[in-house]
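how does the following fold in three dimensions:
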Amino acid sequence: MNGRTGLIESEDRWLLPYRDMQVIQIRVSCQLTLVLDGAQVELENEAVLTDGPLTAPGVVPVRLDPACQDVVPALSLFGAKIRSAVAFKTGALWLVFDTGAHLNVNPDPQYEAWNARGPGDLCLVCQPGGAIAVWT
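Numbering: from 1, shown residues only. Coordinates of the predicted model:
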């Protein structure tokens, strides 16, 4: 664990220190930005929002496309608290909220799919192809 940032690295993932951070603002441009009370997550690639795990029976995935501002379902995340935030070394990002919502973002072969900033100087960027750059 990085003592300054709370980032925990394991063999195939990083656990982001966002547990119990609340979504206090949602911004929409060519990106979808979730502003947390202590950090922010920007989505630049398509994402999938579900009520429950993506693989659970009966779950209906809702696609979010920030490039087209097609993100209205993400407004339901306002006020939600993060229960789990995981950045996989394959480039996937999984956020789980106290409402039961799950947000999944996969890497893009040509563009940065997402980035996460904070707390402090912590910064993770999913680079084209899925490699993740980390600054602490």
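
for the spatially closest residue to Ile24 that is not a sequence neighbour, give me its contacts.
In space, not counting the residues next to it along the chain, Ile24 is nearest to Asp37; the distance is 5.2 Å by CB to CB, 6 or more residues apart in numbering. Just so you know, the C-beta spots here come from the backbone N, C-alpha and C atoms, and that holds for glycine as well. Under the criterion of CB atoms under 8 Å, 6 or more residues apart in numbering, the neighbours of Asp37 are 21-22, 24.

and those residues, which are buried?
Listed as buried from these are 21-22; burial here means 16 or more other CB atoms under 10 Å.

just give me the neighbour total for Pro66.
22 (other CB atoms under 10 Å).

list the residues that contact it.
Per CB under 8 Å, 6+ apart, neighbours of Pro66: 28-32, 43-47.

what's the spacing between it and Ala74?
9 Å (CB to CB, to the nearest Å).

mind listing the shared neighbours of the two?
Joint contacts of Pro66 and Ala74 (CB under 8 Å, 6+ apart) are 32, 47.

quick one: low-confidence ranges for this protein?
Counting by pLDDT under 70, the chain has low-confidence residues at 1-4.

where exactly do the helices run in it?
Taking DSSP state H, the chain contains no helices at all.

quick one, what contacts the residue lying closest to Trp94 once chain neighbours are set aside?
Distances taken as CB to CB, 6+ apart place Val86 nearest to Trp94, at 4.7 Å, with adjacent residues excluded. By CB under 8 Å, 6+ apart, the contact list for Val86 reads 13-16, 93-95.

and the contacts of stretch 94-106?
18, 23, 34, 41, 43, 45-54, 74, 76-77, 80-86, 88, 91-93, 113-114, 126.
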